[in-house]
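1. predicted model, plus sequence, below.
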Amino acid sequence: MAAAAVLLAATAFVLVETVHPGPPGLPAAPQRKVGRLDLTAPAKKEIAMKLVSSAENSSLNWRAQYGYIEDIRDGRGYTGGIVGFTSGTGDMLPVVRRYVAARPKNNRLARYLPALGRVNGTASHAGLDPGFPAAWRAAATDPAFRAAQDAERDRVYFNPAVGQAKRDGLRALGQFAYYDAMVMHGPGADPASFGGIRAAAMRRARTPAQGGGEVAYLTAFLNARAAAMRREEAHRDTSRVDTAQRVFLTAGNLDLNPPLRWSVYGDRYAVTR
């Protein structure tokens, strides 16, 4: 069996699989295109954003979430933006810093930088109430603020997750599983963070890069992820794993190719193309 790889955007590629001819006298089977775009390809990244948004915001319209902000009472202070940046875990602060650097004048969020630094690591709103949520929502109309969120999402979550998944030999579904775990649990090494979840999975199965089976490893990773979620009251609903990512894995859709159908928190979603 022969395979040819066509590079797309330096990182994404498509394999063309040639099927061996049948018995003499019968026409050769046609070539079959097998989707192998990785998650950095624009179409795949769009799917990833929709999947995360379905879990974080109960909507596929992830671009409508730049102005989202509320305290969901999970001990992380304010949660806001396209991947749920929080005032209590330190990832909201660099978003605002980046935005102020890009828009130093007449920036309503600039005054909250000292308070964001002080509340880091806590659920406190000290120095943020009552005006911070309104300032965040107003900033969402500014392309510079949306760009700041995009840049921090990629720097902190998307690029590290996808890079590690590719080093582990995982295709688009595994890359997304890493990314979604990174968004929810953060990039640390403790048992409740991405690094600890990956380590727990690797104790159960080898990664494809280590010679293991991709399905077996992803099963171990999703099991470890679900176990980590159940340790925290705010994340005990594991449907974003069990009725979304496991559905794709069970179907053998390791390339995360549409159509995709899943549910999160009881709501049903679909991406058809």
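-> Yep, that arrived. Numbering: from 1, shown residues only.
2. going by C-alpha atoms from here, please, whenever you check contacts or count neighbours.
-> OK.
3. just for the protein, where's the confidence low?
-> 1-35 (pLDDT under 70).
4. now the helices for it?
-> 42-56, 92-102, 113-119, 132-139, 143-152, 159-167, 172-185, 194-204, 214-230, 239-240, 246-250 (DSSP state H).
5. just grab the bridge partners of residue 269 for me.
-> Legend: beta-bridge partners of residue 269 under DSSP bridges are residue 262.
6. ok, it - contacts?
-> Residue 269 makes contact with 54, 60, 261, 262, 263, according to Cα atoms under 8 Å, 6 or more residues apart in numbering.
7. swap in residue 104?
-> By Cα under 8 Å, 6+ apart, the neighbours of residue 104 are residue 110.
8. I'd like to know how far it sits from residue 136.
-> Between residue 104 and residue 136 the computed distance is 15 Å (Cα to Cα, to the nearest Å).
9. then residue 155?
-> Taking Cα to Cα, one finds residue 155 at 21 Å from residue 136.
10. ok, now residue 177?
-> 29 Å.
11. residues contacting stretch 90-103, please?
-> Stretch 90-103 is contacted by residues 80, 85-87, 107, 109-110, 113, 116-117, 120-121, 144-145, 148-149, 152 when judged by Cα under 8 Å, 6+ apart.
12. residue 61: neighbour count?
-> Look at residue 61: counted by other Cα atoms under 10 Å, it has 14 neighbours.
13. ok, now which ones touch the closest residue to it other than its chain neighbours?
-> Nearest residue to residue 61, sequence neighbours excluded (Cα to Cα, 6 or more residues apart in numbering): residue 50, at 6.7 Å. By Cα under 8 Å, 6+ apart, the contact list for residue 50 reads 59, 60, 61, 62.
14. recalculate using a threshold of 10 Å.
-> Residues in contact with residue 50 (Cα atoms under 10 Å, 6 or more residues apart in numbering) are 44, 56, 57, 58, 59, 60, 61, 62, 63, 269, 270, 271.
15. report the contact partners of the residue nearest to residue 54 when sequence neighbours are not counted.
-> The spatial neighbour of residue 54 that comes closest, neighbours along the chain excluded (Cα to Cα, 6+ apart), is residue 60 at 5.4 Å. Contact analysis of residue 60 by Cα under 10 Å, 6+ apart lists 46, 47, 49, 50, 51, 52, 53, 54, 269, 270, 271.
16. 7 Å instead?
-> In this structure, residue 60 makes contact with 50, 53, 54, judged by Cα atoms under 7 Å, 6 or more residues apart in numbering.
17. with residue 254 instead?
-> By Cα under 7 Å, 6+ apart, residue 254 lies in contact with 171, 172, 173.
18. is it possible to mark the buried ones in the contacts of stretch 90-103?
-> Neighbour-count burial (16 or more other Cα atoms under 10 Å) applied to the contacts of stretch 90-103 gives 80, 85-87, 109-110, 113, 116, 120-121, 144-145, 148-149, 152.
19. ok, which pair from these is furthest apart?
-> 121 and 144 (26.5 Å; Cα to Cα).
20. okay, residue 105 and residue 99: tell me how far apart.
-> The gap separating residue 105 from residue 99 is 11 Å, by Cα to Cα.
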